[in-house]
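Q: below are the sequence and a predicted model; questions follow.
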Amino acid sequence: MATECYSQLGFGFQPKLVVDFAGGTLTTDAGLLLVREFDEQRGLSADVVRRISDPRDARYVTHELNVLLRQRLYQIAAGYEDVNDANRLRDDPTFQIVAADGRTTLGSQPTLSRLENAIDWPAIQRLARVGVDWFCAYAYGRDEHPADLVLDLDSTDDPTHGTQQLALFHGWYDQHMYHPLLWFEGRTGLLLRTRLRPGLDRSAACVEQELDQLLPPLRRRFPHTPILLRGDAGMATPAVEAKLEAEGLQYVLGIGTNRVFKSRVATRVAQAQARYDRTGEPVFLRTSFRHRARSWPHHRRILVKIDVTAQGLNVRFMVTNRRGPSADLVAWYDDRGASENWIKELKLDLHADRLSCHRFRANAFRLQLHSVALSLLAYFRRGVLAETPLATATIGTIRLQLLKVAGRVRRSVRRLWFHLASHWPGQPLFTRCHRALARAPG
């Protein structure tokens, strides 16, 4: 059947409206130029490239490794979650300039997929150290030392929908999934490490090994800074508790309830319930007691949180080796709820749960790419947007208000012009960020 070719398109609702496709070379992600300038000043993506050796046969290489890695990182940063997006973005001028020289056609989906499946485990392990290495280098000034470092430890479910290796059924989550382990620094919200684990792994799996990777660089950089740790109930195992105490870390871990705990606090629970029934006002009690489980080498302190509100009774327990008032320690532990928002950034804004490769190793590499993209944007937010209205914005908001901007691209003999939208509301902020980058020390 013959295909008609339209050069101009009209619309019935507005007779004067005419649309054509003669606008020239356009882009919708021109704000990434700011991130690329920040990246160049800090050498962030260059550091990522140095951690990976190119496994390909040089005789058949069209795209250099640094081009492919930057292409993938910046597509993730811009919200393009899968390598399939590369087929329609490989000629986009913004991605060509942030990944290469501005003229080279970038890698296709098959090219990027082959790269993902070719990366070996040693390279993935080197990438896993990006978060803590960047934290030690850039989170604080050279002579700046925080009062403490807070390790917020959590795991999350990553649903799978295919035949991915080690994507197993987890009864607690009632789904086939992977079970990534995540480490954030609680004061800054910066991502320190991620590790992909099979779907059946328990929450505390690999925590001791991960601590062996995290603690040495942190202690070298902050030798006199106490390191504290918070984690949910799944992390409270005898092995993890013993490891933390052997390393001299102060911790508060959620711990599951049992009949012994319930009996120890039954009187306090009854008192709280009676007070609520009498006054109708919410009751919040905090207390603690000493306890030794059969698998523990000594007694440990159990914190107790008792809340009685209109929503009902809520009793939670935590195990700790910290001193101090119970109310203060419980409040400090509750602050770890902020890490849920950081996980949402990683999974929703950066689509780190798009692990759809067949091979487990390829998906482990993908998780590191998404983690690096989050760190790149987090340091951009911390370093460039610190004095702007987006200083505390989510990655999704930063992308919408600063990175997603339309522009017409024009080449001259000596220049590559990006003419951004004249009526774009983000123009003052874009200019402010550019000035901040221009003032940054070289």
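A: Yes, it's here. Numbers count the residues shown, from 1 in each chain.
Q: hmm, who's touching stretch 386-393?
A: R381, L385, T397, I398, Q401, L402, L429, R432, C433, A436 (Cβ atoms under 8 Å, 6 or more residues apart in numbering). For every residue, glycine as well, the C-beta is placed using N, CA and C.
Q: now that stretch: average pLDDT?
A: Stretch 386-393 comes out with an average pLDDT of 95.
Q: do the same with stretch 95-112
A: 93.
Q: and for stretch 240-249?
A: On average, stretch 240-249 scores 97.
Q: which residues touch it?
A: 151, 204, 207-208, 211, 215, 227-229, 231, 251, 253, 296-297, 300, 319, 321.
Q: that stretch: which residues count as buried?
A: Within stretch 240-249, the residues that qualify as buried are V240, E241, K243, L244, L249, counting by 16 or more other Cβ atoms under 10 Å.
Q: now the contacts of stretch 240-249: which count as buried?
A: 151, 204, 207-208, 211, 215, 227-229, 231, 251, 253, 300, 319.
Q: what's the closest of the buried residues of stretch 240-249 to L285?
A: Closest to L285 out of the buried residues of stretch 240-249 is E241 (25.1 Å), distances taken as Cβ to Cβ.
Q: distance of that closest one relative to Y251?
A: 8 Å (Cβ to Cβ, to the nearest Å).
Q: what sits against the closest residue to T309 other than its chain neighbours?
A: Spatial nearest neighbour of T309, chain neighbours left out: P282 (4.5 Å); criterion: Cβ to Cβ, 6 or more residues apart in numbering. Shown in contact with P282 (Cβ under 8 Å, 6+ apart): Y276, D307, V308, T309, A310.
Q: which of the residues you listed sit farthest apart?
A: Every pair of the contacts of P282 checked by Cβ to Cβ; the farthest is D307 and A310, at 10.9 Å.
Q: which one of these two is surrounded by more residues?
A: D307 (17 against 7; other Cβ atoms under 10 Å).
Q: what comes into contact with stretch 112-121?
A: Counting by Cβ under 8 Å, 6+ apart, 52, 55-56, 65, 68, 71-72, 83, 86, 107, 357, 359, 361-362, 364-366 sit against stretch 112-121.
Q: what comes up buried for it?
A: Counting neighbours by 16+ other Cβ under 10 Å, the buried set in stretch 112-121 is L112, S113, L115, E116, I119.
Q: which of these fall in strands?
A: With DSSP state E as the criterion, strands contain none of the buried residues of stretch 112-121.
Q: and these, which is closest to M177?
A: Looking across the buried residues of stretch 112-121 and measuring by Cβ to Cβ, the closest to M177 is E116, at 19.9 Å.
Q: how close does the closest one sit to H358?
A: E116 is 11 Å from H358, by Cβ to Cβ.
Q: R278 too?
A: R278 is 62 Å from H358, by Cβ to Cβ.
Q: grab the most central residue of this structure for me.
A: Nearest to the mean C-alpha position of the chain, counting by Cα atoms, centre = their mean, stands L346 at 3.5 Å.
Q: wait, that residue touches L369, no?
A: No - the pair L346 / L369 is not scored as a contact, 11.7 Å apart, by Cβ atoms under 8 Å.
Q: quick one: residues contacting the residue nearest to the centre of the chain.
A: Contacts of L346 (Cβ under 8 Å, 6+ apart): L182, L191, T194, A352, H370, S371, L374.
Q: tell me the secondary structure of F418, please.
A: Under the three-state scheme (DSSP: H, G, I helix; E, B strand; the rest coil), F418 adopts strand.
Q: just to check, it is in contact with D29?
A: No - when contacts are counted by Cβ under 8 Å, F418 is not listed as touching D29 (10.7 Å).
Q: quick one, which of these two is more surrounded?
A: D29 (25 against 15).
Q: quick check: the more buried one vs R301, distance?
A: D29 is 52 Å from R301, by Cβ to Cβ.
Q: kindly report the same for V48.
A: 42 Å.
Q: the more surrounded of those two?
A: Between V48 and R301, counting by other Cβ under 10 Å, V48 is the more crowded of the two (24 against 17).
Q: hey, what's in contact with both of E116 and H358?
A: Common neighbours of E116 and H358 are not found (criterion: Cβ under 8 Å, 6+ apart).
Q: quick check: closest non-adjacent residue to L73.
A: A373 (5.2 Å).
Q: what pLDDT does that neighbour get?
A: So A373 comes in at 98 (pLDDT).
Q: how about the contacts made by it?
A: L73, Y74, I76, A77, L350.
Q: got it, and V315?
A: T257, K262, V265, V269, V304, K305, I306, D307.
Q: let's see that with 7 Å instead.
A: Shown in contact with V315 (Cβ atoms under 7 Å, 6 or more residues apart in numbering): V265, V269, K305, I306.
Q: just those residues: which are in strands?
A: Using DSSP E, the contacts of V315 in strands are K305, I306.
Q: the contacts of V315: which two are farthest apart?
A: V269 and K305 (11.1 Å).
Q: please say which of those two ends up with more neighbours.
A: K305 (22 against 16).
Q: buried sites along stretch 122-136?
A: A123, I124, R126, L127, A128, R129, V130, G131, V132, W134, F135.
Q: count the neighbours of D334 for me.
A: If we define neighbours as other Cβ under 10 Å, then D334 has 14 of them.
Q: return the residues in contact with it.
A: Here D334 is in contact with no residue (Cβ under 7 Å, 6+ apart).
Q: ok, it to L190 distance?
A: For D334 relative to L190 (Cβ to Cβ), the value is 20 Å.
Q: still on that earlier bit, can I get the buried ones among the contacts of stretch 240-249 in JSON lines with secondary structure?
A: Below are the buried ones among the contacts of stretch 240-249 laid out as JSON lines (three-state DSSP):
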{"residue": "L151", "secondary structure": "strand"}
{"residue": "A204", "secondary structure": "coil"}
{"residue": "V207", "secondary structure": "helix"}
{"residue": "E208", "secondary structure": "helix"}
{"residue": "L211", "secondary structure": "helix"}
{"residue": "L215", "secondary structure": "helix"}
{"residue": "I227", "secondary structure": "strand"}
{"residue": "L228", "secondary structure": "strand"}
{"residue": "L229", "secondary structure": "strand"}
{"residue": "G231", "secondary structure": "strand"}
{"residue": "Y251", "secondary structure": "strand"}
{"residue": "L253", "secondary structure": "strand"}
{"residue": "R300", "secondary structure": "strand"}
{"residue": "V319", "secondary structure": "strand"}
